[in-house]
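Colleague: Sequence and computational prediction follow.
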Amino acid sequence: MIEARGIHKSFGTLEVLKGIDLNVRPGLVTTIVGPSGAGKTTLLQVLGTLMAPDSGSVLFDGTDVTALPDTRLSRFRNLNIGFVFQFHRLLPEFTLLENVAMPALIAGVKPREAFAKASSLLKRLGLEGRDSHRPSELSGGECQRAAVARALINDPKAVFADEPSGSLDSHNRAELHRLFFDLRDSDGMTFVIVTHDEGLAADSDIVVRMADGRIVAVDESIAIS
């Protein structure tokens, strides 16, 4: 699904990514692990089109996203990619329903359809009855589930997550991880997740190990043929 070739990225004189080649396969949970400063988040942002590489290319289902102009890239990102961050980034002045529906509204979906789908996703993710609540009225685990619902609203081809359970307690962390695998199994959803959680990495289909701006190993689950 995603092919990264020769990705380099520097910030000033600091070279963070040093020639990354990576294939992300569809319908799998891929985790990116490594010590702090290894370049994990920068790689995730490049793969997810949030950041342009200094050199190299990223192909997403055959589309060279690194060559797209900004307006087309924004449209592509909105329709094809979902994001979940360590802190949910829900807008505090909006209800959960409004937060989840927002990417669909931006994409031009009619409000009735966008809100109906958002409500259905909230129900599916265990947040039935929370539609009218604001983020401040919910637990951290509930907010992260809502963030996943928001990421799914436009039926993306892939969801990118950066330490999505890093701010959660052990119970909510386990619930969120289970949700990722349930969505993989039921919908064939593709996840690319940066994590320090060894348990999540151990359960994932592919583990990409980074150090000093390079990929040093790619481990595949024995369940993958």
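Modeller: Cool, got the structure.
Colleague: For the rest of this, base every contact and every neighbour count on C-alpha atoms.
Modeller: OK.
Colleague: The helix or strand that D185 is a member of packs against which elements?
Modeller: In the assignment (DSSP states H and E), D185 maps to helix 170-187. Contact partners of helix 170-187 among helices and strands, from 3 or more Cα pairs under 8 Å, 6 or more residues apart in numbering; DSSP states H and E: strand 29-33, helix 140-152, strand 190-194.
Colleague: Give me the residues contacting the last one.
Modeller: Strand 190-194 is contacted from outside by 24-33, 40-41, 44, 157-164, 180, 184, using Cα atoms under 8 Å, 6 or more residues apart in numbering.
Colleague: For the residue nearest to the spatial centre of the chain, list each beta-bridge partner.
Modeller: Centroid check for the chain by Cα atoms, centre = their mean gives F160 as the closest residue, at 1.6 Å. For F160, the beta-bridge assignment (DSSP bridges) gives partners F83, V192.
Colleague: thinking it is in contact with N80, fair?
Modeller: No - using Cα atoms under 8 Å, F160 makes no contact with N80, being 10.9 Å away.
Colleague: Dig out what F11 forms beta bridges with.
Modeller: Assigned bridge partners for F11, using DSSP bridges, are L14.
Colleague: do I206 as well
Modeller: Per DSSP bridges, the residues bridged to I206 are T30, E220.
Colleague: ok, now how distant is it from P35?
Modeller: Plainly put, I206 is 18 Å away from P35 if you go by Cα to Cα, to the nearest Å.
Colleague: In terms of mean pLDDT, which of the helices and strands packed on helix 170-187 ranks lowest?
Modeller: Per-stretch mean pLDDT for those is lowest at helix 140-152 (a mean of 89).
Colleague: For it, output the C-alpha coordinates as PDB.
Modeller: What follows is helix 140-152 as a C-alpha-only set of coordinates in PDB (Å, rounded to 0.1, in the frame of the first residue of the first chain):
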ATOM      1  CA  GLY A 140      -9.000   9.800  28.600                       C
ATOM      2  CA  GLY A 141      -9.900   6.400  27.200                       C
ATOM      3  CA  GLU A 142     -13.200   7.600  25.900                       C
ATOM      4  CA  CYS A 143     -11.500  10.600  24.200                       C
ATOM      5  CA  GLN A 144      -9.000   8.300  22.500                       C
ATOM      6  CA  ARG A 145     -11.800   6.100  21.200                       C
ATOM      7  CA  ALA A 146     -13.500   9.200  19.900                       C
ATOM      8  CA  ALA A 147     -10.200  10.100  18.200                       C
ATOM      9  CA  VAL A 148     -10.200   6.700  16.500                       C
ATOM     10  CA  ALA A 149     -13.800   7.200  15.400                       C
ATOM     11  CA  ARG A 150     -12.700  10.600  13.900                       C
ATOM     12  CA  ALA A 151      -9.800   8.900  12.100                       C
ATOM     13  CA  LEU A 152     -12.300   6.400  10.600                       C
END
